[in-house]
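> The following block contains a protein sequence and its predicted model.
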Amino acid sequence: MLPTDRFPLITESGFRLLQRLQEHPHAPRYTHPGCNRLTPDGLRRAAAFAIEIQAAPPRWGPGQPPDWLAEFVERCYREVPFHRRYGGRPASFGDIPTTDRGDLGRAPWAFVPDPQPLDDLIVYNTSGTTGHPLDILTHADTLALYLPLLRAALAAHAITLESGPGRVAILLACYQKYTYTYAAVSAFLDQAGFVKVNLKPAEWRDPADRARFLDDCQPEVYTGDPIAFHELMALPLRTRPKALVSTAMTLSPGLKSSLASHFDCPVIDVYAMNESGPIAVRTAAGYALLQPRLFVEILTPQSEPCPPGVRGEVTLSGGFNPFLPLLRYRTGDHAALEFNGGQPVLVGLEGRPPVTFRAADGEPINNVDISIALRSFPITQYTLHQASDGALRLKLRAPDVDQAIIREALLGLFGPGRELTVESLETLGDKVIQYTSDFSNL
């Protein structure tokens, strides 16, 4: 009997692949049953989105925003409670107040347009590497739109994601203390598999099963962050993917070169956020924008637009998530915007660097694990630094939280032998570097 409750569009061939992945003798300890609730309408929308990406790449010039932006702003002020509270729409786009992660974290429901149906709403909780964990409201049909953008990023490097029945198209590799792991099949990828695994040895019956399972999956593409790829490179894999696609954190040139040499394939750096999905793919000219209806500004701290070639904060308007239309959304990342034949390109992008901490026993700790350990506490903002001797210093804005509970959460992750200093402050400033460490980063 086909599991159509979790996979409405699954076929017999897709089910056979799903069973093989879930019952594989070397499979990881899955922590989620896996699902892909894409609807027929969503499948058609994803196909149309793929055509739009090819036919209408992002295009505008300095001081000349895209044609669709005016109507989008009008709709936001008419239908989105967060923006409607300001009253009428400002005459100038530059006078529209900016938003940021803090606004979204306080009231994610205020960004949902009034006419948007709430059927099959999905709430995705992010790990919060910037100090503001978020609940992202979305829908299974919207999540499918990530795949055409991934294909576009691969195509920018002359790589085709073939997918198809019986094969694993994408394997998402993580290296965290805890994360959801599962196997799924995708109707958009013609019943090909998507697998998410945690490379932490404790998540497998035998640490050697990691290489055995990945080699048997033989995915076309690995996706993940630099920390996971560093671990992937240490496994005795016999198979090689078409590409590695790095997201979520800055990929250092040194690690990129090592990965490309080791796996003998392109290593593609995609700039993405949970709030917006994939934004741009790195090319020889810079980061080429991917989404047809995502307008990118570069702003000063005073919300003034930076001239082409001048660095400032990457700020987004538009997007493809109907539950989260972004309007002048400050990302916290910095770059300059240049124009190559009418097409905007991000240059000098400074995103979120991976930071590796060390537990008392020397085990590496992903900064994502720290975010997860602290996200249940009402902490307004915090920074964590680890010195070369392993000592930790946590600075936080959390007047109503018992520091002893926070200490217990962190030392449960790092080990009771780690020295930890906790400082409660009234302010840490508007922009802080969340995680820093004296240990060598990737």
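Done, it's in. Residues are numbered from 1 along each chain as shown.
> And the helices in the stretch 251-400 of the chain?
253-263, 367-374 (DSSP state H, counting those that start in this stretch).
> And those, which one averages the lowest pLDDT?
Mean pLDDT per stretch puts helix 367-374 lowest among these, at a mean of 83.
> Contacts made by that one with the rest, please.
127-129, 133, 176-179, 354-357, 382, 384, 406, 409-410, 412-413, 434-435 (C-beta atoms under 8 Å, 6 or more residues apart in numbering). In this view, the C-beta of every residue, glycine as well, is placed from N, C-alpha and C.
> Give me the subset of those residues lying in helices.
Taking DSSP state H, the ones among the contacts of helix 367-374 that sit in helices are 406, 409, 410, 412, 413.
> quick one: low-confidence ranges for this protein?
127-133, 249, 352-353, 378, 380, 398-400, 427, 429-432, 440-442 (pLDDT under 70).
> re the thing from before, most neighbours out of the ones in helices among the contacts of helix 367-374, which is it?
Highest neighbour count within those: residue 406, with 21 neighbours (other C-beta atoms under 10 Å).
> which residues does that one contact?
Counting by C-beta under 8 Å, 6+ apart, residue 406 has contacts 374, 377, 379, 394, 396, 398, 422.
> and of those, the nearest to residue 295?
Lowest distance from residue 295 to these (C-beta to C-beta) belongs to residue 379, with 32.3 Å.
> roughly how far apart are residue 99 and residue 333?
Taking C-beta to C-beta, to the nearest Å as the measure, residue 99 falls 15 Å from residue 333.
> that older thread, could I get the contacts of residue 406 in JSON lines, plus columns for distance to residue 93?
Listed next are these as JSON lines, based on distance: C-beta to C-beta, whole Å:
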{"residue": "374", "distance to residue 93": "37"}
{"residue": "377", "distance to residue 93": "38"}
{"residue": "379", "distance to residue 93": "34"}
{"residue": "394", "distance to residue 93": "40"}
{"residue": "396", "distance to residue 93": "36"}
{"residue": "398", "distance to residue 93": "36"}
{"residue": "422", "distance to residue 93": "43"}
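> Can I get the residues you listed in CSV including neighbour count and distance to residue 247?
Listed next are these as CSV, based on neighbours: other C-beta atoms under 10 Å; distance: C-beta to C-beta, whole Å:
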residue, neighbour count, distance to residue 247
374, 22, 23
377, 16, 27
379, 20, 26
394, 21, 27
396, 22, 28
398, 19, 30
422, 17, 32
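> Could you single out the nearest of the residues you listed to residue 29?
residue 374 (24.5 Å).
> how close does the closest one get to residue 209?
31 Å.
> Show me the domain layout of the chain.
Split into domains by automatic domain parsing, the chain comes to 12-30+160-265, 55-142+285-350, 356-437.
> Can you say which of the helices of the stretch 251-400 of the chain is nearest to residue 228?
Among the helices of the stretch 251-400 of the chain, helix 367-374 comes nearest to residue 228, with 10.0 Å by C-beta to C-beta.
> now that closest one: how far from the chain's centre is it?
Remark: helix 367-374 is offset 15 Å from the chain centroid, using C-alpha atoms, centre = their mean, to the nearest Å.
> go on, stretch 330-338?
16 Å.
> ok so, going back, now, the contacts of residue 406 that are in strands?
394, 396, 422 (DSSP state E).
> before we move on, back to that, wait, which of the ones in helices among the contacts of helix 367-374 is closest to residue 137?
Nearest member of the ones in helices among the contacts of helix 367-374 to residue 137, counting by C-beta to C-beta, is residue 409, at 26.8 Å.
> ok, back up a step: export the ones in helices among the contacts of helix 367-374 as a markdown table, with columns for distance to residue 329.
Compiled in a markdown table, these are given as follows (distance: C-beta to C-beta, whole Å):
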| residue | distance to residue 329 |
| --- | --- |
| 406 | 29 |
| 409 | 30 |
| 410 | 30 |
| 412 | 34 |
| 413 | 31 |
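> Tell me how many other residues crowd residue 51.
Residue 51, neighbours per other C-beta under 10 Å, totals 10.
> One more: residue 100?
Residues near residue 100, counting by other C-beta under 10 Å: 17.
> Over to residue 28?
22.
> Now do the contacts for it.
Taking C-beta under 8 Å, 6+ apart as the test, what residue 28 contacts is 181, 197, 198, 203, 204, 209, 210, 213.
> ok, 10 Å please
The contact partners of residue 28, by C-beta atoms under 10 Å, 6 or more residues apart in numbering, come to 181-183, 195-200, 203-205, 209-210, 213-214.
> Out of those, list just those in strands.
182, 183, 195, 196, 197, 198.
> Need the nearest residue in space to the fifth one, chain neighbours excluded.
Just to be clear, that refers to residue 197. Excluding its sequence neighbours, the residue lying closest to residue 197 (C-beta to C-beta, 6 or more residues apart in numbering) is residue 28, at 5.0 Å.
> now do the same end-to-end measure for stretch 232-242.
End-to-end distance of stretch 232-242: 15 Å, with C-alpha to C-alpha, to the nearest Å as the criterion.
> swap in stretch 318-331?
13 Å.
> same question, stretch 363-376
24 Å.
> Any buried residues in that stretch, and which?
Buried residues in stretch 363-376, counting neighbours by 16 or more other C-beta atoms under 10 Å, are found at 364, 365, 366, 367, 368, 369, 370, 371, 372, 373, 374, 375.
> Stretch 207-225 too?
Neighbour-count burial for stretch 207-225 [16+ other C-beta under 10 Å]: 209-214, 217, 219-225.
> Widest-spaced pair of the residues you listed?
Farthest apart among the buried residues of stretch 207-225 by C-beta to C-beta are 212 and 225. That separation is 23.1 Å.
> Show me the helices in the stretch 51-200 of the chain, by range?
Using DSSP H, counting those that start in this stretch, helices in the stretch 51-200 of the chain cover 69-79, 81-84, 101-106, 140-143, 146-155.
> And the longest one, what does it pack against?
What that stands for is helix 69-79. helix 81-84, strand 294-299, strand 312-318, strand 326-340 (3 or more C-beta pairs under 10 Å, 6 or more residues apart in numbering; DSSP states H and E).
> Ends of stretch 236-246, what's the gap?
First residue to last in stretch 236-246 (C-alpha to C-alpha) measures 20 Å.
> Let me fix that, I meant to ask about stretch 422-434.
By C-alpha to C-alpha, the extent of stretch 422-434 from end to end equals 15 Å.
> Go ahead and confirm residue 160 touches residue 242.
Yes - contact criterion C-beta atoms under 10 Å: residue 160 and residue 242 qualify, at 8.0 Å.
> Overlap in contacts, these two.
By C-beta under 10 Å, 6+ apart, the residues touching both residue 160 and residue 242 are 154, 220.
> quick one: which of these two has more around it?
A direct count of neighbours by other C-beta under 10 Å for residue 160 and residue 242 places residue 242 higher, at 18 against 10.
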